[in-house]
Structure formats: C-alpha cells, structure tokens
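In: Below: sequence and its predicted model.
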Amino acid sequence: MQNSLISPATFTGFGLHSGAPVSMVVHPAPADHGVWFLRTDVVGQDARVPARWDAVTPSRLCTVVENADGVSVSTIEHVMAALAGSGIHNALIQIDGPEVPILDGSSVPFVEGFLAAGIEELSAPVRAVRVLKSIEVREGEAVARLDPADMLEIDFRISFEDAAIGTQSRCLNMANGAFVRELSDSRTFCRQSDVDAMREAGLALGGTLENAVVFEGARVLSPGGLRHADEPVRHKMLDALGDLALAGGPILGRYTGVRAGHALTNRLLRALFADPTAYRLLDCGPQTLGKLPGVGVHLGDLPTRAATLS
C-alpha cells in the first residue's frame, strides 16, 4: 500500500546556492496525491510545483522543478531521495523560498525527521514503473542506463583526478532499507577549485565545510573527514535515487550511472517515458511491495552521525 507521513516534519536551514534562510514543512497527503511543493512566499501565481520528471528544467548543479507559471524549487534531490528511501509516496512540501535547505548536505536529516514524524499505510496500492527493455543516454564519457530487473538496483561509477576521490564504484540493491543504512548520510561533495569558481559566479553562497565534503588534491578539507571511504560515489547514488523518484512511482529496474549527473538522469527518464514499449505501470502486489525501497524502515536503521570510515 501507499504511504504518507502521520504528522508534519519541519526543516529549517539555508539554501546551498542562494545562502538564503528557508523553512520547509513536509505534510501528510492522501493516496494518489504524489509529491508536490507549495511555495508559500509566492503571490499572484500558481504556487504549486509538481515533483515530476516532466517538470524538471535544465540546471547543471542540482535538480530544479518548475510549473507553467515559472515558479520553481531547486536542489530537491536530497529530500526526494529521503522520501523514496523512506517509502513515502505522498507528501505536500510547503517551502517559503525557491531552494530546499541543504542541512548537512545529505539526506539523513530528512529521513530522521520523517521517521520521527511516523509513516502510515494508506488504502491504495503502490503503482510502480517496471522497466521492460534497456534504455541508455550518453553525453561524452557520461552514461545513464536503465535495464529490466525485479527491483531497483543502483550501480554507479565515478572518476576524478583528485587523489582523495580517484575512481570509485558501488552497486546496491535498494530493497530492505538499504538506502537509509548505506547511502542516506553521504554528503554532497566538490573540489575547492569548484567552490571558488561557483562563488565568483554568485553560487554556492550557503556552502560550508559543514554541509559539503570539500576536496583539494589528496586532502579532505571538511572537519572530521569522510563518513565512508567511498562517500562521493555513495552520494552520487543518493542523487540518482532522488532524481529517479521523479518518475511518479518506484522504478523496478537496474540503473547504471557512469559519471552521470542530474541532467543525464532526467534525460534517461524522458527517454524511458517517450517509448511506450520500454515500461509498464503496475499495481504492486505483496511480493513486489516487499522489494521496494523504504519497506520496514525504522529509526534503528539510521547510520551514526559520527564521521566513520566503512
């Protein structure tokens, strides 16, 4: 069955790129509502913005959704990953600014808030997107691909010149709370040179060493170091889950990303839904339902917030 929150979950912080303070409340929503944002600071325009693949507007640094009136919400990938990874299918997200708060740069504060608020089962079946044939998109050396599979699997590979990152790969079956335990605390990352360039362009104004892992060559500049030895690739998997959550239902398929980013994953969804023979919508029975991300997740699944290498 579909799930929603029992009570609202509130989050306050700063936008990563704008640096502006923002307050966000994730409210329960009825069955078949899906996930929508509501910009409480917008007057005279449609303030509701769908969290859906066909509402994504081009952006290099994060995922942005926009409605027909041009009202947008940016940096939605971490909260979308938290919703999907916690098994929440319906939510109304009230937000008083154009950017989701970055918090600690991962999804774990959102997951913690959702589990503390409680999750309830609704009287409607979960509608999933089953991948029927392989779909692939490329841009230079970057690849994003979906293949048929019984449940969602994410396989990601990255490669950076910085010795502290290097080449990393990880593959994970997303069933049985794997996202919460293995990926949710992995933070966004960048190189110091990227930070300098973004700030010169008026971006990353809310970025600090406390809400992103910053690398410089062989050094990790963020206090406390890494939470996982392969934290960068884990965060890319987190981002991928958040971007795939915009499909409108859980995906049953294997996602492979090679140096892929937000824009390429959205292109992959657009390619999938452009081909009616490539997917099928189905109501999940008990066997399929048990394979979805977030089923049975509880507070004990949350990873430690201390910096550890694993």
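Out: Good, I have the coordinates. Numbers count the residues shown, from 1 in each chain.
In: OK, contacts around the residue nearest in space to the middle of the chain?
Out: Centroid-nearest residue in the chain, with C-alpha atoms, centre = their mean: residue 242, separated by 2.2 Å. Shown in contact with residue 242 (C-beta atoms under 8 Å, 6 or more residues apart in numbering): 63, 76, 77, 78, 79, 80, 81, 82, 84, 107. C-beta coordinates here come from the backbone N, C-alpha and C atoms, glycine included.
In: hang on, the last one packs against residue 187?
Out: No - here residue 107 lies out of contact with residue 187, judged by C-beta atoms under 8 Å, at a distance of 9.4 Å.
In: sorry, back to before: is the residue nearest to the centre of the chain in a helix, a strand, or coil?
Out: Under the three-state scheme (DSSP: H, G, I helix; E, B strand; the rest coil), residue 242 adopts helix.
In: Can you give me the pLDDT of it?
Out: At residue 242, the model reports a pLDDT of 98.
In: now do the one 5 residues further on
Out: In this model, residue 247 is scored at 98, pLDDT.
In: quick one: it and residue 129 touch, right?
Out: Yes - the pair residue 247 / residue 129 is scored as a contact, 5.2 Å apart, by C-beta under 8 Å.
In: Settle it for me: which of the two has more neighbours?
Out: residue 129 (23 against 18; other C-beta atoms under 10 Å).
In: That one should be in a helix, yeah?
Out: No - counting by three-state DSSP, residue 129 is not found in a helix; it is strand.
In: how close does it sit to residue 57?
Out: 22 Å (C-beta to C-beta, to the nearest Å).
In: And stretch 158-165, end to end?
Out: One end of stretch 158-165 to the other measures 9 Å (C-alpha to C-alpha, to the nearest Å).
In: what's the spacing between it and its chain's center?
Out: The chain centroid and the centroid of stretch 158-165 are separated by 22 Å under C-alpha atoms, centre = their mean, to the nearest Å.
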